[in-house]
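Provided below are the primary sequence and the corresponding predicted coordinates.
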Amino acid sequence: MSATGTPIRVVVAKVGLDGHDRGAKVVARALRDAGMEVVYTGLHNSPEQVVATALAEDADAIGLSILSGAHMTLFPRVLRLLDEANARDIIVFGGGIIPEEDAAQLREAGVAAIFGPGASTQVIAEWVREHVPSSGVASPDQGRPAAV
């Protein structure tokens, strides 16, 4: 929950041709279990689909999982699409097999955080809670206890 009492809304997405989604599913579940609303988009999404989902869901953040090596193309494309939609208040973070030198460039470009292999789901959930403000959009299930 955010300071406003509404859950943080996160879209967790796999972009590109990468077919390995176990880590994304684990992170999505950990965020949900931490009281956040999570929309998992499944495999093989385009950056356009991810941004459209984030806009439609009034997401506060987008978490991208990329293991394919296309991170230097896909993260910037999502950021550009958010710019074009005037939606850079949606925080972008991600994880996968991303060399530190590339992660530094992605952070400079506007990706808020990159979590590498072995990152604790607890650390990821805490980071999201600390760095992603809720938009305050009430959800249909607001008031129900979070699954823990």
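Perfect, I can see it now. Numbering: from 1, shown residues only.

For the residue sitting nearest the centre point of the chain, pull up the helix or strand it's in.
What sits nearest the mean C-alpha location of the chain, by Cα atoms, centre = their mean, is Gly63, with 1.6 Å. Using DSSP states H and E, Gly63 falls within strand 61-66.

tell me the mean pLDDT for that strand?
Averaging pLDDT along strand 61-66 gives 97.

Return the set of residues that bridge with the residue nearest to the centre of the chain.
Per DSSP bridges, the residues bridged to Gly63 are Val12, Phe93.

Which parts of the chain are strands?
Using DSSP state E, the strands of the chain run over 9-14, 37-40, 61-66, 91-96, 113-115.

Any chance of JSON lines for those, columns distance to Ser134?
To be clear about C-beta, it is placed using only N, CA and C from the backbone, and glycine gets the same treatment. Output for those, formatted as JSON lines (distance: least, Cβ to Cβ, whole Å):
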{"stretch": "strand 9-14", "distance to Ser134": "7"}
{"stretch": "strand 37-40", "distance to Ser134": "9"}
{"stretch": "strand 61-66", "distance to Ser134": "10"}
{"stretch": "strand 91-96", "distance to Ser134": "11"}
{"stretch": "strand 113-115", "distance to Ser134": "17"}
